[in-house]
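A.B. asks: I'll drop the sequence and a predicted model, then ask my questions.
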Amino acid sequence: MTESRPTIDTILKRKSIRSFRPDPVPEEQRRRILEAMLRAPSAGNQMLYSVIEVEDQHKKEELARSCDNQPFISRSPWVLIFLADMQRMLDFFELSGVHSLVESGAAESVKAREADLLLASCDALIAAQTAVLAAESLALGSCYIGDVMENYEFHRDLLQLPDYCFPIAMLCLGYPTEQQQRRPPTERIAADKIIFTDRYRRLTPDELRHLYDHNIPRRPRFVDGAKNIGQDTYLRKFSSPFMMEMRRSVKAMLAHWS
């Protein structure tokens, strides 16, 4: 039997880390991680993303506050923000005189569309995950912060983002504390509920009823009003104040993008 390769072991042991040692990430480690990130798959090799390294402590503290008051963000040794970026491509087209093609009738008008946003978001997230795995291989831990999609207007101003850049994910990276290193990875939904052959399969009522049973030990009590794990999940994740703000923020960004 073929033994697992180190890359597979790294992936299987990966877990989100929210408590880091104060040690800074050495410049050489950063360089190697970013170098690996730039090799991430990209649609048509267009690389429709940009990355902001947040080094200013004040900005880290502002992000900790704006991303649902998570203090560990401000204490993270290395913070990366991944942008779905169509601005660079639009600037490139303008410099290249693409408008002349539009005027001649050879091409459609030059503007960012919804499909471009989705494609750029995919590029950015693939790059982010490549950075995560590169970091893990160098004994660094990481945590995704999706809350950076909230407070669109604030983050646009804080990071001086142009019209066609959207922060799709933030990564906090650093060396895990000893306690975090010992902590086992969280359980996942069973493979047969996720992976199907040839066609989609809707889960049975019994499968759905027990879909998130593995999360129950991590929740000593349900949110007030919840009678089961499904209701608790909805109230915690899909009907929460942070989700309401994320929906508002993304809607505002889409209106601006369009």
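C.D. replies: Happy to help now that I have it. Numbering: from 1, shown residues only.
A.B. asks: quick one, phi/psi of the residue positioned nearest the centre of the chain?
C.D. replies: The centroid of the chain falls nearest to residue 169 when counting by Cα atoms, centre = their mean (3.4 Å). Backbone torsions of residue 169, given as degrees, to the nearest 10, read phi -160, psi 150.
A.B. asks: so what's it bridging to?
C.D. replies: residue 82 (DSSP bridges).
A.B. asks: pretty sure it is touching residue 144, no?
C.D. replies: Yes - at 5.8 Å, residue 169 counts as touching residue 144 under the criterion of Cβ atoms under 8 Å. For glycine as for every other residue, the C-beta is placed from the backbone atoms N, C-alpha and C.
A.B. asks: so which bits of the strand or helix carrying residue 50 are buried?
C.D. replies: Here residue 50 sits within strand 49-54, counting by DSSP states H and E. For strand 49-54, burial by neighbour count (16 or more other Cβ atoms under 10 Å) applies to 49-52, 54.
A.B. asks: can you give the contact residues for it?
C.D. replies: Contacts to strand 49-54, defined as Cβ atoms under 8 Å, 6 or more residues apart in numbering, come from residues 34, 37, 42, 60, 63, 78-85, 88, 120, 123-124, 127, 159, 165.
A.B. asks: follow-up on the earlier one: mutual contacts of residue 169 and residue 144, please.
C.D. replies: The contact sets of residue 169 and residue 144 overlap at residue 128 (Cβ under 8 Å, 6+ apart).
A.B. asks: using TSV, lay out the buried residues of strand 49-54 together with pLDDT.
C.D. replies: Listed next are the buried residues of strand 49-54 as TSV, based on pLDDT from 0 to 100:
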residue	pLDDT
49	98
50	98
51	98
52	98
54	98
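A.B. asks: what is the nearest of the residues you listed to residue 192?
C.D. replies: Distances from residue 192 to the buried residues of strand 49-54, taken as Cβ to Cβ, are shortest for residue 49 (33.6 Å).
A.B. asks: who's that closest one bridged to?
C.D. replies: Counting by DSSP bridges, the residues bridging with residue 49 are residue 84.
A.B. asks: and residue 136, how far from residue 216?
C.D. replies: Residue 136 is 28 Å from residue 216, where distance means Cβ to Cβ, to the nearest Å.
A.B. asks: revised request: answer the last question for residue 223.
C.D. replies: Applying Cβ to Cβ, one obtains 13 Å for the distance of residue 223 from residue 216.
A.B. asks: I'd like the buried residues of strand 49-54 as a markdown table, with distance to residue 182 appended.
C.D. replies: A markdown table is the format used below for the buried residues of strand 49-54 (distance: Cβ to Cβ, whole Å):
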| residue | distance to residue 182 |
| --- | --- |
| 49 | 34 |
| 50 | 36 |
| 51 | 31 |
| 52 | 32 |
| 54 | 29 |
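A.B. asks: list the contacts for residue 154?
C.D. replies: residue 66.
A.B. asks: quick one: classify it as helix, strand or coil.
C.D. replies: Here residue 154 is recorded as helix under DSSP: H, G, I helix; E, B strand; the rest coil.
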